[in-house]
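Enquirer: Coordinates for the following, if possible.
(one chain, ligands or ions: 2)
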Amino acid sequence: MRIVLVQPQIHKGYRLNITLEPISVACLKSACLKAGFNETKLLLASDENPEVTAGRIANLKPDLVGISAMTFTYPLARQIAKRVKETTKAVTVLGGYHASMIPEQVISEGDFDYLVHGMGEVSFPMLVGALAGGPPSFATLSTIPGLVWKENGGLQINPPYFSENLDEFPFPDRSDYDLRSFREHCAEAWKKPRAIVIGSRGCPFSCFFCCSAKAFGKKHMKRSPTNLAEELYELRQKYNVNHFYFGDENLFLDREWFYSCAESWMSRVPDIRWFGFGMLRIMDDELIRSVAKSGAFRLGFGVERFDMADKMPDKLKSLEHAEYVIRTLRVNGVFSTIHFIIGFPDDSVEKLQKEWRKLRTFTADYLGLPLATPYPGTVFRKELEEKGMEMSRDWSRYDMDTPTIKLDQMRTEDLETIQSWLLKKYHFRWAYIKVVLWRIKEKPSRLITYFLLFAISVIHGHFRSRKWNE
Ligand code: B12
Ligand code: SF4
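Expert: Ligands and ions are numbered 1, 2, ... in the order given. A predicted model of the protein is given here:
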């Protein structure tokens, strides 16, 4: 069986034009190799015309094409699959977040022969095995966890596979791309090659806008500390990469596990630098010390919203505690990013101005302002549907940077104005400028990146994205 795996990427909306390591399909490739399917090839497709990607796929004469998609890349994945069907006899399979969120709808749209929801490392090689012996029987397909397909005019949906033991999966296979082409784009690790590493999957919380609970379940699944350290070591030895991005939803959900991981990698690869996501509420001095000592250069935190505490787990203990964490990280040499969501249906200029009064107590190094996006399959989308709100049906807009909801009290232009206003307010105030001066004193070469950051926050408002229904 000749297998081709693709994770198409679009940069529009992702401002710094960063190409990400296609980690989802790298995980699948290694699972295929482990199962003995040696003719598995991974193809990089970044911001490419679907015709071109499909042409490159066809040249590899595949028997099976697996495509990975988030919601905003799903339309592109469909176009590639359609063209592959026209030019080859390959079976097409879709996986990834969009497929996991609304499997019934996606398979009904008819562009893919099969779909896998949940984790793919077990399901995909089983499907390859089933197809290798000619058209598989219903009985065989029924044994493949997470498989979704059409059968006699109806839909068949097998329950997804969520592993209890992530060590059972081999390390992602990175041999089809040059890891040095994926780089960091932040002041503290400018242009350093970096790899994405996933230590744990799943999150026990259920924030109403998030896809995690549905896509991976509410269980926090963890790799063993030695297994994780071994992958970092391999990345160092084989690819000479020293900067890592932990893709875990929350690295510190189980702090004892984190401590053991940090200890393991400090003895295996003592000088690595890493970036990951945590939760402000659970940070304390001991954790911050361990984070800094184990090589963190940046931590990201979702603050999301102050006025929606009843719809999410508490992400903060208090404003004072949150700013204390940010300050202590800074003193320990770690940068921080906070994410604050704007553009909820009942947002108004007055409401966001009120939120700003709390937001301005923070001096995190970076502020992310994603737009509220009602991803299919989330509680958020269901709520809006029940209220009869108008939402875009163009999935390519679902990149958290393009408006997708028709707001009650604001036009798209107002939302963008307030986004630019918040960015300027955040950066051009004495409390933040003091942080920048301190950072530049620490390392003068940072002057240039901060200059860019300020310039972006000034010109941000001039780059209009599409209106909500354009
Ligand atoms: C780490 C992460 C990132 C990282 C790296 C992303 C990456 N892996 O390439 C960064 C920070 C860069 C990032 C950026 C973005 N992200 Co992000 N990110 C995550 C996070 C926290 C984990 C994703 C991950 O790596 N999982 C581990 C991998 C191995 O799992 P996986 O991709 O699902 O793949 C498995 C299965 O799905 C399946 N599978 C996948 N593909 C295929 C294909 C086939 C054929 C088969 C059979 C199976 C299969 O098998 C795989 C192995 O088990 C999630 C998590 C969350 N809170 O839910 C959000 C999440 C994926 N991100 C999301 C979004 C929206 C974005 C951004 C658009 C945000 C933005 N505007 O900046 C950008 C997009 C960047 C881009 N150009 O693609 C959304 C996606 C929602 C959706 N329905 O599409 C999520 C779910 C968060 C959310 N809002 O709920 N992200
Ligand atoms: S804590 Fe983070 S990963 Fe968990 S449900 Fe909320 S937003 Fe999603």
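Enquirer: Spell out which parts of this structure neighbour ligand 2.
Expert: Residues of the chain lying near ligand 2 by C-beta under 6 Å from any ligand atom: 203, 205, 206, 207, 210, 212, 213, 249, 250, 302. Any C-beta I mention is one placed from the backbone N, CA and C, and that applies to glycine too.
Enquirer: Now, of these, which are buried?
Expert: Among the residues of the chain next to ligand 2, those scoring as buried are 203, 205, 207, 210, 212, 213, 249, 250, 302 (criterion: 16 or more other C-beta atoms under 10 Å).
Enquirer: Just the ones in helices from the residues you listed, please.
Expert: Among those, DSSP state H puts 212, 213 in helices.
Enquirer: And the buried ones among the residues of the chain next to ligand 2, which is the shakiest by pLDDT?
Expert: pLDDT is lowest at residue 213 among these; the value there is 87.
Enquirer: check contacts around the closest residue to it other than its chain neighbours.
Expert: Distances taken as C-beta to C-beta, 6 or more residues apart in numbering place residue 206 nearest to residue 213, at 4.6 Å, with adjacent residues excluded. Residue 206 is in contact with 213, 218, 379, counting by C-beta atoms under 8 Å, 6 or more residues apart in numbering.
Enquirer: Distance of residue 206 relative to residue 212?
Expert: From residue 206 across to residue 212, the span is 8 Å (C-beta to C-beta, to the nearest Å).
Enquirer: do residue 52 as well
Expert: Taken as C-beta to C-beta, the span from residue 52 to residue 212 is 33 Å.
Enquirer: Then residue 118?
Expert: 12 Å.
Enquirer: Run through the stretch 101-250 of the chain and note the low-pLDDT ranges.
Expert: 187 (pLDDT under 70).
Enquirer: Which single residue in it comes nearest to ligand 1?
Expert: As assessed by C-beta to the nearest ligand atom, ligand 1 sits closest to residue 120 within the stretch 101-250 of the chain, at 2.7 Å.
Enquirer: in what helix or strand does that residue lie?
Expert: According to DSSP states H and E, residue 120 maps onto no helix or strand at all.
Enquirer: Check residue 42 too.
Expert: Residue 42 belongs to strand 40-43, assigned by DSSP H and E.
Enquirer: Tell me if that strand is near ligand 1.
Expert: No. Legend: contact between strand 40-43 and ligand 1 by C-beta under 6 Å from any ligand atom is lacking; minimum distance shown is 11.1 Å.
Enquirer: Which neighbours in the sheet does the longest strand seen in the chain have, and how are they oriented?
Expert: Longest strand in the chain by number of residues (criterion: DSSP state E): strand 296-304. Sheet pairing of strand 296-304 (DSSP bridges) gives strand 273-278 (parallel), strand 335-340 (parallel).
Enquirer: Determine the next helix or strand in the C-terminal direction from that strand.
Expert: Taking DSSP H and E, what comes next after strand 296-304 is helix 319-331.
Enquirer: Does that following helix pack against any helices or strands, and if so which?
Expert: Packing contacts for helix 319-331, counted by 3 or more C-beta pairs under 8 Å, 6 or more residues apart in numbering; DSSP states H and E, involve helix 285-293, strand 296-304, strand 335-340.
Enquirer: okay, stretch 335-349 in CSV with CA atoms only?
Expert: Listed next in CSV are the C-alpha coordinates belonging to stretch 335-349 (Å, rounded to 0.1, in the frame of the first residue of the first chain):
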residue,chain,number,x,y,z
PHE,A,335,8.3,35.6,29.1
SER,A,336,4.5,35.4,29.3
THR,A,337,1.6,35.7,26.9
ILE,A,338,-2.0,36.2,27.8
HIS,A,339,-5.0,35.5,25.6
PHE,A,340,-8.2,37.4,25.9
ILE,A,341,-11.2,36.7,23.7
ILE,A,342,-13.3,39.4,22.1
GLY,A,343,-16.4,39.4,19.9
PHE,A,344,-18.9,37.4,21.9
PRO,A,345,-22.5,38.0,20.7
ASP,A,346,-23.5,40.5,23.3
ASP,A,347,-20.1,42.3,23.4
SER,A,348,-20.4,46.1,23.2
VAL,A,349,-17.9,48.9,23.2
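Enquirer: Helix 319-331 and the longest strand of the chain, what's the angle between them?
Expert: 160 degrees (axes from the mean of the first three to the mean of the last three C-alpha atoms, to 10 degrees).
Enquirer: And strand 296-304, what's buried?
Expert: 296, 297, 298, 299, 300, 301, 302, 303, 304.
Enquirer: And the contacts of it?
Expert: For strand 296-304, the external contacting residues (C-beta under 8 Å, 6+ apart) are 186, 188-189, 207, 243, 273-280, 291, 312, 315-316, 322, 329, 333-341, 359, 362, 364-365, 368.
Enquirer: quick check: angle from that strand to helix 285-293?
Expert: 130 degrees.
Enquirer: how much distance is there from strand 296-304 to the middle of the chain?
Expert: 14 Å (C-alpha atoms, centre = their mean, to the nearest Å).
Enquirer: Stretch 123-131 too?
Expert: Distance, centroid of stretch 123-131 to centroid of chain: 26 Å (C-alpha atoms, centre = their mean).
Enquirer: what does stretch 369-389 give?
Expert: Distance of stretch 369-389 from its chain centroid, counting by C-alpha atoms, centre = their mean, is 18 Å.
Enquirer: got the buried residues for that stretch?
Expert: For stretch 369-389, a neighbour-count test (16+ other C-beta under 10 Å) marks 369-381, 384 as buried.
Enquirer: quick one, strands of the stretch 101-250 of the chain?
Expert: 114-116, 147-151, 154-157, 194-197, 200-201, 221-222, 243-246 (DSSP state E, counting those that start in this stretch).
Enquirer: can you tell me how far residue 77 sits from residue 3?
Expert: 16 Å.
Enquirer: Among the two, which residue is more densely surrounded?
Expert: residue 77 (29 against 26; other C-beta atoms under 10 Å).
Enquirer: residue in the chain nearest to ligand 1?
Expert: Scanning the chain for the residue nearest ligand 1 gives residue 95, at 2.1 Å (criterion: C-beta to the nearest ligand atom).
Enquirer: Tell me the bridge partners for that residue.
Expert: Applying DSSP bridges to residue 95 gives these bridge partners: residue 68.
Enquirer: burial count for it?
Expert: Residue 95 is flanked by 28 other residues according to other C-beta under 10 Å.
Enquirer: what's near enough to touch it?
Expert: Residue 95 touches 24, 28, 66, 67, 68, 69, 115, 116, 117, 120, 124, counting by C-beta under 8 Å, 6+ apart.
Enquirer: Buried only: go through those residues for me.
Expert: 24, 28, 66, 67, 68, 69, 115, 116, 117, 120, 124.
Enquirer: which one of those residues sits closest to ligand 2?
Expert: Nearest to ligand 2 among the buried ones among the contacts of residue 95, with distances taken as C-beta to the nearest ligand atom, is residue 24, at 16.7 Å.
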